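> Mind looking at a prediction? Sequence and model below.
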Amino acid sequence: MAYLYQKLKTTFKLLGLLLFSVATSFCSFAQENSTDNLDDIDGLIDELFFDDQQFLDELLESSFSYNFLYTSVSYNSNTFFSGRDSGTDQFNMIPQVSYYHSSGFNASISGIYYQEFAPAWDFTSVSLGYFNTFGKNDSFVYNLGYTKFFYTDDFDDFTNSIDINFGIRNKNRTLGTTIAASYLFGSDESYQIVSNSFVNLTLKRTSNFAIRFRPNINFIIADQTITFIKPFRDPEGFIKPTTFTLNVFDLLNTQISVPLSITTNSWDFELGYNLNIPKALPNETVLTTTGFFNLSVGYMFDLNKK
């Protein structure tokens, strides 16, 4: 029974890390060189979009120097793990503080709070990364990163993550795709791949204000250990419940998001709706489509200002 509990705990934590990864993954997207706001770093915030599973899904890359902190808090109206219902209706909140420098160095500290779980604060993560662009019109972007997880309980299966993000977008930055691959390790190990494709539509824009609609679709693929109980006949002919485990690497969830973002000066706001279409794994019951609303608020502190 203790073994089954540990396997279920490991599965739950891995799905929780997948939720967190989708929420916090980012990739850099260079803005076009223009005279519009290039002499004012507050204009950078106009290029930050939040895919509110959030954190920085897009960062900017430009021809001038920047050096800033970005603080944000995202709220999700319900909690699903790779699209799966845990049986507990609860919101979750993800605060984050991030640092970005035009050299490509970035760092962040974040965590996740669950309304009903105990302990409610599940873990804190600290990340370091480096991003850059290449190709014609800087159409290709990559970010290399490392994350350390600090849990509030004694969980130690996945305490580290090595992450590689790669993105490609068109010249006008209206279409793009990113792929993020992670290797999670500690006393156990796992792999995950999250892809995101988006359409970026600017509904209104002025020198210090913008409204954008950015529908996107995520595919979550991960290495997963499935634990289940089935009746089994032993050599003496007795039937008894037996625990089995199955390792799979498969698509876990497809998520469609429709966020509306508003940026003004150094503030950023986003409201969106997210639809989960989970894929049932072997020996998993039929899964239903789930959905939730998200809201995020962010603020940028320009460290270059005197």
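Yes, it's here.
> Name the spans of this protein whose pLDDT lies under the cut-off.
1-65, 225-246, 305-306 (pLDDT under 70).
> where along it do the helices fall?
Remark: helices of the chain, listed N- to C-terminal, are 2-24; assignment by DSSP state H.
> In stretch 72-80, which of the residues would be classed as buried?
72, 74, 75, 76, 78, 79, 80 (16 or more other CB atoms under 10 Å). C-betas here are computed from N, CA, C, even on glycine.
> Out of those, which sit inside strands?
72, 74, 75, 76, 80 (DSSP state E).
> could you redo those as CSV and give each row distance to residue 208?
Formatted as CSV, those follow (distance: CB to CB, whole Å):
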residue, distance to residue 208
72, 19
74, 23
75, 26
76, 29
80, 36
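> right, and out of those, which lies closest to residue 133?
Closest approach to residue 133 among those (CB to CB): residue 72, at 23.3 Å.
> Was I right to think the closest one contacts residue 296?
Yes. Taking contact to mean CB atoms under 8 Å, the distance of 6.0 Å between residue 72 and residue 296 places them in contact.
> ok, so of the ones in strands among the buried residues of stretch 72-80, who is nearest residue 291?
Closest approach between those and residue 291, by CB to CB: residue 80, at 8.7 Å.
> mind checking the end-to-end distance for stretch 106-126?
By CA to CA, to the nearest Å, the extent of stretch 106-126 from end to end equals 11 Å.
> Need the residues that contact it.
16, 19-20, 23-24, 55, 59, 79, 88-100, 127-131, 143, 145, 147-153 (CB atoms under 8 Å, 6 or more residues apart in numbering).
> Now, these that are in strands?
Among these, the members falling in strands are 59, 92-100, 127-131, 143, 145, 147-151 (criterion: DSSP E).
> List only buried entries from those.
Under a neighbour-count criterion of 16+ other CB under 10 Å, the subset of these counted as buried comprises 59, 92-94, 96, 98-100, 127, 129, 131, 143, 145, 147, 149, 151.
> Residue 212: which of the residues you listed is nearest?
Nearest to residue 212 among those is residue 59, at 15.6 Å by CB to CB.
> Apart from its chain neighbours, what residue comes closest to residue 222?
Closest residue to residue 222 apart from its sequence neighbours, by CB to CB, 6 or more residues apart in numbering: residue 192 at 4.1 Å.
> Ok, residue 84 next?
Closest to residue 84 by CB to CB, 6+ apart is residue 278, at 5.5 Å.
> Also residue 129?
In space, not counting the residues next to it along the chain, residue 129 is nearest to residue 145; the distance is 3.4 Å by CB to CB, 6+ apart.
> quick one: contacts for that neighbour?
Each residue near residue 145 by CB under 8 Å, 6+ apart is listed here: 106, 127, 128, 129, 130, 162, 163, 164, 165.
> Any idea how many residues pack against the last one?
Meaning residue 165. 22 (other CB atoms under 10 Å).
> roughly how far apart are it and residue 132?
Here the distance between residue 165 and residue 132 works out to 11 Å (CB to CB, to the nearest Å).
> sorry, back to before: which pair of the buried residues of stretch 72-80 spans the longest distance?
Using CB to CB, the buried residues of stretch 72-80 reach their maximum pairwise distance at 72 and 80, which is 21.0 Å.
> For the closest residue to residue 266 other than its chain neighbours, list each beta-bridge partner.
Once flanking residues are discounted, residue 266 sits nearest to residue 300: 4.5 Å by CB to CB, 6+ apart. With DSSP bridges as the criterion, the beta-bridge partners of residue 300 are residue 70.
> my guess is residue 300 meets residue 70, correct?
Yes. Applying CB under 8 Å as the test, residue 300 and residue 70 come out as touching, 5.1 Å apart.
> what touches both of residue 165 and residue 132?
Counting by CB under 8 Å, 6+ apart, the residues touching both residue 165 and residue 132 are 141, 142.
> Can you give me the neighbour number for residue 157?
By the criterion of other CB under 10 Å, residue 157 has 20 neighbours.
> give me phi/psi at it?
phi -70, psi -40 (degrees, to the nearest 10).
> surely it meets residue 187?
Yes. Contact between residue 157 and residue 187 holds when scored by CB under 8 Å: they sit 5.4 Å apart.
> Among the buried ones among the ones in strands among the contacts of stretch 106-126, which one sits closest to residue 289?
When these are compared against residue 289 (criterion: CB to CB), the nearest one is residue 92, at 19.2 Å.
> What number of neighbouring residues does the residue nearest to residue 266 come out with?
The criterion is other CB under 10 Å. On that basis, residue 300 has 23 neighbouring residues.
> That one and residue 72, how far apart?
Residue 300 is 9 Å from residue 72, where distance means CB to CB.
> Same check on residue 211?
Using CB to CB, one gets 18 Å for the distance from residue 211 to residue 72.
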